[in-house]
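1. This is the structure alone, sequence omitted:
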């Protein structure tokens with residue numbers, strides 16, 4: 001009864017039959033989060049199995065909430081041999097008996113993943129921000145909004161969090177000095193409930209026990225404990241995230257966000273006069289977080305529908321509420337947020353792009369990890385030159401590499417504007433030097449076209465509603481990790497972003513975590529934001545009569561520069577932008 005070759009987080013070794021993935025990973029030096037010490041109760045020790053599921057035992061009752069490639073590492077054990085593999089997989093007798101016994105998986109805490117933790121080139125720096133945190137000191141008394149909550153002589157700490165659909169970023173601050181004490185980031189472990197918000201809404205609605213919240217809270221709690229500071233010195237946490245991510249984290253019912261007209265329960269309650277706004281608060285105990293017991297967890301307000309607290313945080317980061325110029329903010333991701341305006345008028349929309357540009361649903365797609373192709377060039381002889389994160393052999397391709405690949409195929413005529421490859425090819429090989437060739441299929445291009453189409457439709461509709469053209473924009477902010485690492489020329493060529501001049505484009509990185517930070521450090525700016533979101537005009541793309549037309553146009557790989565006629569009801573461009 002031979003063992004298997006286990007690859008986990010780029011470490012590998014031979015594992016004997018009966019060994020759990022959890023124990024094997026720990027033996028290889030891979031940290032696997034757990035709060036229940038391998039009892040299957042905390043649901044935190046997730047792994048995603050990319051290869052070799054047939055060599056593992058069947059799912060146990062503790063894993064009944066999982067599907068597809070996800071397992072609890074404390075429950076998944078190595079089978080004793082090929083005959084056990086076939087029985088567990090339900091395969092035909094003898095099938096796969098000669099296949100190599102290899103299990104390849106990864107945890108949700110891959111420390112080497114490239115996640116954008118910071119922002120840059122913003123109009124207001126944190127150093128210039130007047131500090132007036134909600135947590136202050138009076139001698140040894142710790143005050144929250146002027147009310148005593150503790151007696152302690154130690155530091156006053158706070159946490160800013162950006163809970164993205166794909167990734168999570170946390171920052172620990174000294175609230176008295178405004179300095180960053182530590183920061184960290186990791187993949188959102190809620191992916192076992194689906195890669196997009198609608199899938200997670202469905203999961204949360206049909207599975208009891210708030211499993212998505214419990215799992216994420218466990219990961220956030222471990223990350224806070226790993227900061228090295230006393231968690232009992234943390235007196236406030238400010239959370240940004242799209243409407244679904246925020247409400248899931250605060251243990252709110254998200255069913256209404258998944259049903260037309262797609263509104264958070266906080267928005268519905270505010271409309272009915274049962275609350276004054278869409279911001280939320282909770283105690284650490286309710287959210288299972290290791291903070292001071294009387295600390296406050298504050299969720300930034302959402303705008304409307306799927307335009308969530310992350311969009312609100314971006315507005316705070318770019319200071320749109322005080323802006324005289326006409327600016328746009330586009331945070332491209334699974335759920336793209338789009339904001340256009342200035343201090344006089346602000347429009348916002350959510351574009352359901354899906355996970356394609358983050359590597360989801362793409363055959364060789366992968367997150368921003370070492371081995372991911374991040375740059376593609378086609379040389380004069382027709383060969384491909386690629387560059388990977390970390391410089392090693394290519395294992396797959398991440399979002400910035402996908403945009404580059406599409407841009408180069410289009411530039412050289414090897415792909416037309418409809419996404420069809422030349423000479424009737426079904427795929428192109430981008431890099432064949434690694435363990436397996438990295439290819440881009442026409443089916444992948446179709447997925448990317450649809451993701452792009454949703455974003456472009458949002459751009460056209462919001463600009464039309466505002467009554468301005470792309471050339472009227474003074475600044476176009478590209479926010480988020482994906483936007484930070486885009487090649488702007490490739491993105492313009494394929495029509496992922498508008499065809500505006502380089503001097504107007506600012507790739508600012510993680511504006512959402514910056515906005516959460518501003519709200520943590522400044523009570524005044526937090527109050528301004530709560531007032532600001534109330535006057536943002538939410539543009540519901542799906543109700544626009546020309547949405548499908550714009551979506552189809554946006555699916556084509558061509559520059560986005562078609563003039564948009566001003567809406568008769570909109571103010572003149574000059575009045576809106578000056």
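-> Nice, I can see it. Predicted, not measured: the structure shown is a model, and the values here were computed from it.

2. from what I can see residue 255 touches residue 203, true?
-> No. Residue 255 is beyond contact range of residue 203, at 11.5 Å (criterion: Cβ atoms under 8 Å). (C-beta placed from N, C-alpha, C; glycine too.)

3. Would you map the strands across the stretch 101-250 of the chain?
-> 102-107, 135-138, 141-144, 147-151, 157-163, 167-174, 179-187, 234-241 (DSSP state E, counting those that start in this stretch).

4. same for the second one, what does it pack against?
-> So that's strand 135-138. strand 141-144 (3 or more Cβ pairs under 8 Å, 6 or more residues apart in numbering; DSSP states H and E).

5. Show me the domain layout of this structure.
-> Per automatic domain parsing, the structural domains of the chain span 4-107, 126-312, 319-355+447-510+521-577, 363-442.

6. returning to that earlier point: which one's more surrounded, residue 255 and residue 203?
-> Neighbours were counted for residue 255 and for residue 203 using other Cβ atoms under 10 Å; residue 203 has more, 19 against 12.

7. can you pull out the helices in the stretch 51-200 of the chain?
-> With DSSP state H, counting those that start in this stretch as the criterion, the stretch 51-200 of the chain has helices at 82-89, 197-206.

8. lowest-confidence stretch among those?
-> Sorting those by mean pLDDT places helix 82-89 lowest, at a mean of 47.

9. Surely residue 59 and residue 66 touch.
-> Yes. If you go by Cβ under 8 Å, residue 59 and residue 66 touch, sitting 6.6 Å apart.

10. List the residues that are in contact with both of residue 255 and residue 203.
-> When Cβ atoms under 8 Å, 6 or more residues apart in numbering defines a contact, no residue borders residue 255 and residue 203 alike.

11. strand partners of the one helix or strand residue 386 maps to, parallel vs antiparallel please.
-> Using DSSP states H and E, residue 386 maps to strand 384-388. Partners of strand 384-388 in the sheet, by DSSP bridges, are strand 372-378 (antiparallel).

12. if we can go back for a sec, relative to the whole chain's centre, how far out is the strand holding residue 386?
-> Its chain's average C-alpha position is 25 Å from that of strand 384-388, according to Cα atoms, centre = their mean, to the nearest Å.

13. The next helix or strand after it: how far from the chain's middle?
-> Per DSSP H and E, the first helix or strand lying C-terminal to strand 384-388 is strand 396-397. Per Cα atoms, centre = their mean, the displacement of strand 396-397 from the mean C-alpha position of its chain is 18 Å.

14. cool, stretch 452-460 as well?
-> Counting by Cα atoms, centre = their mean, stretch 452-460 comes out at 19 Å from the chain centroid.

15. Same check on stretch 65-74?
-> 21 Å.

16. List the buried residues for that stretch?
-> Neighbour-count burial for stretch 65-74, with 16 or more other Cβ atoms under 10 Å as criterion, is recorded at 65-66, 70-74.

17. do the same with stretch 469-486
-> For stretch 469-486, the neighbour count (16+ other Cβ under 10 Å) marks 469-470, 472-473, 475-486 as buried.

18. do stretch 531-539 as well
-> For stretch 531-539, burial by neighbour count (16+ other Cβ under 10 Å) applies to 532-533, 536-539.

19. between the residues you listed, which is nearest residue 26?
-> Distance ranking of the buried residues of stretch 531-539 against residue 26, using Cβ to Cβ, places residue 533 first at 44.9 Å.

20. The closest one contacts residue 308, correct?
-> No. Taking contacts as Cβ under 8 Å, residue 533 lies outside contact range of residue 308: 10.1 Å.

21. what residues do those two have in common as contacts?
-> Residues touching both residue 533 and residue 308 (Cβ under 8 Å, 6+ apart) are residue 302.

22. Could you pull out the helices in the stretch 351-500 of the chain for me?
-> Counting by DSSP H, counting those that start in this stretch, the helices of the stretch 351-500 of the chain are 399-411, 442-466, 480-485, 488-493.

23. out of the buried residues of stretch 531-539, which are inside helices?
-> Members of the buried residues of stretch 531-539 lying in helices (criterion: DSSP state H): 532-533.

24. Okay, now the sheet partners of whatever helix or strand residue 329 lives in, with direction.
-> Element membership for residue 329 (DSSP H and E) is strand 327-331. Strand 327-331 sits in its sheet next to strand 336-341 (antiparallel), strand 475-479 (parallel), going by DSSP bridges.

25. what's next to the shortest one, contact-wise?
-> Applying Cβ under 8 Å, 6+ apart, the external contacts of strand 475-479 come out as 119, 314, 317-318, 325-332, 337, 484, 486, 488, 497-498, 500, 504-512.

26. Buried ones from the residues you listed, can you make that a ChimeraX selection?
-> Restricted to buried positions by 16+ other Cβ under 10 Å, the ChimeraX selection for these reads:
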select :119,314,317,318,326,327,328,329,330,331,332,337,484,486,488,497,498,500,504,505,506,507,508,509,510,511,512
